[in-house]
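*Asks:* Model the structure of this input:
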Amino acid sequence: PADMVDLKIRTPNAPAYQMFPEITGANPTPMAFSEVYLALQQGVVDAQENPLPTIQFKKFYEVQSNINLTGHITNSLVTIVGPGTVGKLGAEDLKALDAALIDAGKWASAEIVKSENELAAWFTEQGVTVNVVDRGPFIDAVSPALSSADMPWAPVIFERLQSIK
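*Replies:* Numbers count the residues shown, from 1 in each chain. This next block holds a predicted model:
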């Protein structure tokens, strides 16, 4: 977290994305996504946060020398089944759907980790320094704020999220 102090980091103009940099002492700099490449190139911002596939696709690696793998936001597979559909399923079908979704989630999580590892190696080949960050100090720095009554979620939601391994 000490490395974050006074870091100008591009964030979307949304409180949820600005929270992590603020808590760690950085200066979140809201800016349109289309302006990020030039902002990095010209030093308007020191850093940006995006998933590795986005950094590759938008070629941000051309104008940044480091990627820090903080893991503070992760990709995921989200499946939504409407109540109309669920209401048409019997108990056995619901059980099968639940099992299939759990399997799909495990598969997607493994694929995301595999892809991130491959991209980290690719960025290294491009001359970018990829740093695996010790998350402990970051967790210690942000946990009090994230579990405070000021957050827009109920404490039980925070506790459930923290229990996910």
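*Asks:* buried stuff in stretch 113-132?
*Replies:* 116, 119, 120, 123, 128, 130 (16 or more other Cβ atoms under 10 Å). Every residue, glycine included, has its C-beta placed from N, CA and C.
*Asks:* For this protein, which segments are assigned as strands?
*Replies:* Taking DSSP state E as the test, the strands found in the chain are 8-11, 27-30, 47-48, 66-69, 129-132.
*Asks:* now stretch 139-159: mean pLDDT?
*Replies:* Model confidence over stretch 139-159, given as mean pLDDT, is 79.
*Asks:* Now it: buried residues?
*Replies:* 141, 142, 146.
*Asks:* any low-confidence regions in the chain?
*Replies:* For the chain, the stretches flagged by pLDDT under 70 are 165.
*Asks:* So which residue of it lies furthest out from the middle?
*Replies:* Within the chain, residue 90 marks the point farthest from the mean C-alpha position, 36.2 Å out by Cα atoms, centre = their mean.
*Asks:* quick one on the thing from earlier: want to throw the buried residues of stretch 113-132 into a markdown table with distance to residue 14?
*Replies:* Below are the buried residues of stretch 113-132 laid out as a markdown table (distance: Cβ to Cβ, whole Å):
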| residue | distance to residue 14 |
| --- | --- |
| 116 | 23 |
| 119 | 24 |
| 120 | 26 |
| 123 | 26 |
| 128 | 26 |
| 130 | 26 |
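*Asks:* nearest to residue 46, of those residues?
*Replies:* Distance to residue 46, by Cβ to Cβ, is smallest for residue 128 among the buried residues of stretch 113-132, at 15.0 Å.
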